[in-house]
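Visitor: Sharing a sequence plus its predicted fold:
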Amino acid sequence: MNFGDKWAAASVLKNPRRSFLADPVKILDALRAANRGAVIQAFDAKCVASVRQIHAAAVAAHLAFKAGTNISKKMEMELLLRLAADTQIGRALDRLGVRADTEEVGLCVLADDRASAARIAEELARAVGGVEVDDDYLMRGERLAKAAEFYSIEEAEIESVQASSRAEAILILILERIATLDLRR
């Protein structure tokens, strides 16, 4: 995805390698050192109902830095804050941090050009391991219920959204939470 002067690549992988889960920071730091200027982040993807959600968080983080409304000093952390729709770094890390029992890892790479974003995302996906999942997998019933709970979305809100499906209504509300984070500060 392209926005402004950046390219974003995002995905969700299920069944990541245990070696990645044992020390994700080491792997992320090595990739960041080899790809200066790119934003590279991995997180527990239990809240992700669509890859569009990761893209929305990336755009929101980028725009926050451009506007000077960023919460964190680091873009990687700002991305997590936006994805969690939370203003507290500790809470965002607690909710989205990769742990030994993480079952799905979300990935996001921001780079200055399409080729770099794609190449770095492929390197990160190889390091994480597992199998990439699509939005059909991410928008399943039980998973959507967990995502709605993660974002404190009430049933009345879901019912009030004009959307083609319940899944689309939940996604719209999640995207709204991400986009309006600055209003809750």
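Guide: Received, thanks.
Visitor: Sketch out the low-pLDDT regions of this protein for me.
Guide: Low-confidence segments of the chain (pLDDT under 70): 185.
Visitor: Would you tell me which helix is longest in the protein?
Guide: Ranked by residue count under DSSP state H, the longest helix found in the chain is helix 51-67.
Visitor: which strands and helices sit next to it?
Guide: If you count contacts as 3 or more CB pairs under 8 Å, 6 or more residues apart in numbering; DSSP states H and E, helix 51-67 packs onto strand 2-3, strand 6-14, helix 75-84, strand 104-111, helix 135-138, helix 166-179. Yep, even glycine has a C-beta here, placed from its N, CA and C like the rest.
Visitor: Make a markdown table from these and add mean neighbour count and distance to Leu21 to it.
Guide: What follows is the helices and strands packed on helix 51-67, written out as a markdown table (neighbours: other CB atoms under 10 Å; distance: least, CB to CB, whole Å):
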| stretch | mean neighbour count | distance to Leu21 |
| --- | --- | --- |
| strand 2-3 | 12 | 30 |
| strand 6-14 | 22 | 11 |
| helix 75-84 | 23 | 17 |
| strand 104-111 | 25 | 8 |
| helix 135-138 | 15 | 20 |
| helix 166-179 | 20 | 25 |
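Visitor: To Val59, which of the ones you listed lies closest?
Guide: Comparison of the helices and strands packed on helix 51-67 against Val59 by CB to CB identifies strand 2-3 as nearest, at 5.2 Å.
Visitor: Pairing partners for the closest one, with directions?
Guide: Strand 2-3 sits in its sheet next to strand 6-14 (antiparallel), going by DSSP bridges.
Visitor: tell me the angle the partner strand makes with strand 104-111.
Guide: Here strand 6-14 runs at an angle of 170 degrees relative to strand 104-111 (axes from the mean of the first three to the mean of the last three CA atoms, to 10 degrees).
Visitor: Tell me which residue lies nearest the centroid of the protein.
Guide: Ile54 (3.8 Å; CA atoms, centre = their mean).
Visitor: how close does that one sit to Ala22?
Guide: 24 Å (CB to CB, to the nearest Å).
Visitor: For stretch 28-38, list the C-alpha coordinates in PDB.
Guide: Extracted in PDB, the C-alpha atoms of stretch 28-38 (Å, rounded to 0.1, in the frame of the first residue of the first chain):
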ATOM      1  CA  LEU A  28      13.800  -7.100  14.800                       C
ATOM      2  CA  ASP A  29      16.900  -5.300  15.900                       C
ATOM      3  CA  ALA A  30      19.000  -7.100  13.300                       C
ATOM      4  CA  LEU A  31      16.600  -6.400  10.500                       C
ATOM      5  CA  ARG A  32      16.300  -2.700  11.600                       C
ATOM      6  CA  ALA A  33      20.100  -2.400  11.600                       C
ATOM      7  CA  ALA A  34      20.400  -3.900   8.100                       C
ATOM      8  CA  ASN A  35      17.500  -1.700   6.800                       C
ATOM      9  CA  ARG A  36      18.100   1.800   8.300                       C
ATOM     10  CA  GLY A  37      15.300   4.200   7.500                       C
ATOM     11  CA  ALA A  38      12.600   1.500   7.400                       C
END
